[in-house]
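Peer 1: Would you be able to build a 3D model of this:
(2 chains)
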Protein chains: 2
Amino acid sequence: MSAKGTKAGWLAVAGLGPGDAQLVTSQAEAAIAEATDVVGYGPYVRRIAPRAGLRRHESDNREEIERARHALTLAAEGRRVVVVSSGDPGVFAMASAVFEAVEHGDPRWRELDIRVLPGITAMLAAAARAGAPLGHDFCAINLSDNLKPWTLIERRLRLAVEADFAIALYNPRSVARPEGFARALDLLHAACAPGRILIFARAVSTPDEDIRVVCLAQARPEMADMRTVVLVGSSATRIIARQGAPFIYTPRAVPA
Amino acid sequence: MSAKGTKAGWLAVAGLGPGDAQLVTSQAEAAIAEATDVVGYGPYVRRIAPRAGLRRHESDNREEIERARHALTLAAEGRRVVVVSSGDPGVFAMASAVFEAVEHGDPRWRELDIRVLPGITAMLAAAARAGAPLGHDFCAINLSDNLKPWTLIERRLRLAVEADFAIALYNPRSVARPEGFARALDLLHAACAPGRILIFARAVSTPDEDIRVVCLAQARPEMADMRTVVLVGSSATRIIARQGAPFIYTPRAVPA
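Peer 2: Numbering: from 1, shown residues only, chains lettered A, B, ... in the order given. Here you go, the predicted model:
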């Protein structure tokens, strides 16, 4: 409620983290507790407990701009709206879609109270489970070619290897486009030693969690699906063998 | 306590996020609540409330390997140890130092129960405050040349621009080495249009927070210090002008 007594709607784009409730920030929880409306892809909205006074709006995963416009319309009507994303909303998730909708939508949407609430993105959760593979310079590339040409993905991957970044690959492989990740592996085979370390991290922090560490020579396209984030080590990434699962880390230092 | 009744020490490397207590995960809070010892750089250790039964060990910022060895020694003695980092421990923080100490230290350290607990790293918190500048492919580069040669930093920065990543620059500028960031800006001036968008995000989520959005032509080395993370937009990053602070975002799509 503003000082003038008018309806003060707002929109928060909140990251729910990779799945475990212990990895949600209390900032995101507080926004959800104050919300009148939660908007998002069905499986994320269903992570929010129903309560009186809360409307939950589930949408399909492909309708990001429509979902963003719906959320902005609700906020402009004075409602308190949380758009929920998994991971961090700013990393290959809903925040960018919301601002795209703002830029091209109703000019009044620009003056809305819009906040982005950060979360634990998949690559950080995956890295933590494996050790510290992103402990030196790294990059994140979305392998989905829904929204960009495959030639650009290949070009970025090639330059990332040349820069010797550790590389996090999001959305590596869908049922509709299984061939992209195989091509990415072909590119890595051509550019990296066969001992390069890869981590296939599926459904991290959920009951379905599966972490697999392989060297590039052993990597197969079928090891990834859309619930997997793939971490490709840099040339310096190391494996510490032990009785339990190995620790993987990238040293902080590169000798001159 | 293990099944045999021996002392079961453990070590958790926990990220405290950028500063705001609302951005600490409950997973990290739970580990701290169970700990007998908290180890870390002074300002981070002092974020943990004192309590009976908790020993707090503060160290200097430069002594990362010594700090890691100390924490591992305590865990091997059966103590429950949390090493605290700001942000995410796996991103230019303590996790990599701990595993480096494990690899080169007492062989028994390899079998310890060591967990990394992820946190909100500075670039994600900074991006959230500005909008969604990391909404497309991006990379993270540590500009500190304490641990790697400057030539490598320049080479990575050049390749990152060529790949058209958005770029997060950590540790851009210290009192001891003020010249590196000026050289990084020179490189950006040579490679990017003068309208390229930069975000100087200082002390995000703390009372000292300061977010400044400038185009490359206006950027000055003095705008950054060691509490700043600098986000450099890709060539596609956009600014949405409004009465309040502008929204900055990088669109999800790149047209073919």
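
Peer 1: drop to CA atoms for contacts and neighbour counts, all remaining ones
Peer 2: Will do.

Peer 1: Any stretches of chain A with poor pLDDT?
Peer 2: A:1-7 (pLDDT under 70).

Peer 1: Which residue ranges of it form strands?
Peer 2: Using DSSP state E, the strands of chain A run over residues A:10-15, A:37-41, A:55-59, A:80-85, A:113-117, A:131-132, A:138-142, A:166-170, A:197-202, A:210-215, A:228-232, A:238-240, A:247-249.

Peer 1: So which elements touch the fifth one?
Peer 2: The reference is to strand A:113-117. Judged by 3 or more C-alpha pairs under 8 Å, 6 or more residues apart in numbering or on different chains; DSSP states H and E, the packing partners of strand A:113-117 are strand A:10-15, helix B:122-130.

Peer 1: how many other residues sit next to the residue in chain A that chain B sits nearest to?
Peer 2: Closest contact between chain A and chain B, by C-alpha to the nearest C-alpha, is at A:Cys139 (3.8 Å). Applying other C-alpha atoms under 10 Å in any protein chain shown, we find 28 residues neighbouring A:Cys139.

Peer 1: ok, now A:Met94?
Peer 2: A:Met94 has 29 neighbours, counted by other C-alpha under 10 Å.

Peer 1: got the contact list for the residue lying closest to it once chain neighbours are set aside?
Peer 2: Residue nearest to A:Met94 in three dimensions, not counting chain neighbours: A:Ser85, with 6.2 Å by C-alpha to C-alpha, 6 or more residues apart in numbering or on different chains. A:Ser85 makes contact with A:Val13, A:Ala14, A:Gly15, A:Leu16, A:Gly40, A:Tyr41, A:Tyr44, A:Ala93, A:Met94, according to C-alpha atoms under 8 Å, 6 or more residues apart in numbering or on different chains.

Peer 1: surely the fifth one meets A:Ser59?
Peer 2: Meaning A:Gly40. Yes. Using C-alpha atoms under 8 Å as the test, A:Gly40 is close enough to A:Ser59 to be in contact (5.9 Å).

Peer 1: Find the residues that touch each one of these two.
Peer 2: A:Arg67.

Peer 1: Among these two, which residue is more densely surrounded?
Peer 2: Taking other C-alpha under 10 Å, A:Gly40 and A:Ser59 do not tie; A:Gly40 has more neighbours (26 against 17).

Peer 1: quick check, stretch A:222-238 touching chain B?
Peer 2: No. Shown here: stretch A:222-238 not in contact with chain B (C-alpha under 8 Å from any C-alpha of the partner chain), separated by at least 9.3 Å.

Peer 1: any residues touching that stretch, and which ones?
Peer 2: Against stretch A:222-238 from outside (C-alpha under 8 Å, 6+ apart): A:122-123, A:126-127, A:133-134, A:161, A:164-175, A:192, A:196-203, A:248-251.

Peer 1: what about that stretch, start to end distance?
Peer 2: Taking C-alpha to C-alpha, to the nearest Å as the measure, stretch A:222-238 stretches 24 Å from start to finish.

Peer 1: what's the answer for stretch A:127-146, then?
Peer 2: For stretch A:127-146, the end-to-end distance is 26 Å (C-alpha to C-alpha).

Peer 1: how much space between the closest residue to A:Gln27 other than its chain neighbours and A:Thr25?
Peer 2: With sequence-adjacent residues excluded and distances taken as C-alpha to C-alpha, 6+ apart, A:Gln27 is closest to B:Gln22, at 5.0 Å. Here the criterion is C-alpha to C-alpha. By it, B:Gln22 lies 6 Å from A:Thr25.

Peer 1: Of those two, give the one with the bigger neighbour count.
Peer 2: A:Thr25 (27 against 17).

Peer 1: Name whatever forms a beta bridge with that one.
Peer 2: B:Thr25 (DSSP bridges).

Peer 1: For A:Ala95, give its distance to A:Val84.
Peer 2: Taking C-alpha to C-alpha, one finds A:Ala95 at 10 Å from A:Val84.

Peer 1: Which neighbours do those two have in common?
Peer 2: A:Val13.

Peer 1: Look at those two and report which has more neighbours.
Peer 2: A:Ala95 (36 against 28).

Peer 1: circling back: and the contacts of stretch A:222-238 near chain B, which?
Peer 2: Of the contacts of stretch A:222-238, the ones that also sit near chain B (C-alpha under 8 Å from any C-alpha) are A:Ala127, A:Pro133, A:Leu134, A:Asp164, A:Tyr249, A:Thr250, A:Pro251.

Peer 1: farthest-separated two in the residues you listed?
Peer 2: Within those, A:Ala127 and A:Asp164 form the most distant pair, 17.3 Å apart (C-alpha to C-alpha).

Peer 1: Those two: who's more crowded?
Peer 2: A:Ala127 (27 against 20).

Peer 1: what about the residue lying closest to the more buried one once chain neighbours are set aside, how many neighbours?
Peer 2: Closest residue to A:Ala127 apart from its sequence neighbours, by C-alpha to C-alpha, 6+ apart: A:Pro133 at 5.8 Å. As a burial measure, A:Pro133 scores 37 neighbours (other C-alpha under 10 Å).

Peer 1: hang on, A:Pro133 packs against A:Ile167?
Peer 2: No. Assessed by C-alpha under 8 Å, A:Pro133 is found out of contact with A:Ile167, at 9.4 Å.

Peer 1: Quick check: end-to-end length of stretch A:21-35?
Peer 2: 18 Å.

Peer 1: Buried residues, it. List them.
Peer 2: The neighbour-count check on stretch A:21-35 (16 or more other C-alpha atoms under 10 Å in any protein chain shown) flags A:Gln22, A:Leu23, A:Val24, A:Thr25, A:Ser26, A:Gln27, A:Ala28, A:Glu29, A:Ala31, A:Ile32, A:Ala35 as buried.

Peer 1: out of the residues you listed, who's nearest A:Ala241?
Peer 2: A:Leu23 (27.9 Å).

Peer 1: give the contact list for A:Gly90.
Peer 2: A:Ser96, A:Val116, A:Pro118, B:Leu124, B:Ala127, B:Ala128, B:Gly131, B:Ala132, B:Pro133, B:Leu134, B:Gly135.

Peer 1: give me every residue that touches the third one.
Peer 2: Counting by C-alpha under 8 Å, 6+ apart, A:Pro118 touches A:Ala14, A:Gly15, A:Asp88, A:Pro89, A:Gly90, B:Ile120, B:Leu124, B:Ala125, B:Ala128.

Peer 1: from what I can see the first one touches A:Ala93, true?
Peer 2: No. In terms of C-alpha under 8 Å, A:Ala14 does not count as a neighbour of A:Ala93; the distance is 10.1 Å.

Peer 1: Please say which of these two ends up with more neighbours.
Peer 2: Counted by other C-alpha under 10 Å, A:Ala14 and A:Ala93 do not tie: A:Ala14 has more neighbours, with 30 against 22.

Peer 1: That one pairs with what?
Peer 2: A:Val84, A:Leu117.

Peer 1: residues in contact with it?
Peer 2: Counted by C-alpha under 8 Å, 6+ apart, A:Ala14 has contacts A:Ala28, A:Val82, A:Val83, A:Val84, A:Ser85, A:Asp88, A:Pro89, A:Val116, A:Leu117, A:Pro118, A:Gly119.

Peer 1: okay, now the last one: neighbour count?
Peer 2: Read that as A:Gly119. 31.

Peer 1: mind listing what's buried in stretch A:113-122?
Peer 2: In stretch A:113-122, counting by 16+ other C-alpha under 10 Å, buried: A:Ile114, A:Arg115, A:Val116, A:Leu117, A:Pro118, A:Gly119, A:Ile120, A:Thr121, A:Ala122.

Peer 1: Can you give me the domain boundaries for chain A?
Peer 2: A:10-120, A:123-249 (automatic domain parsing).

Peer 1: distance between the longest one and the chain's centre?
Peer 2: For domain A:123-249, the separation from the chain centroid amounts to 14 Å (computed by C-alpha atoms, centre = their mean, to the nearest Å).

Peer 1: Likewise for the shortest one?
Peer 2: Counting by C-alpha atoms, centre = their mean, domain A:10-120 is centred 14 Å from the centre of its parent chain.
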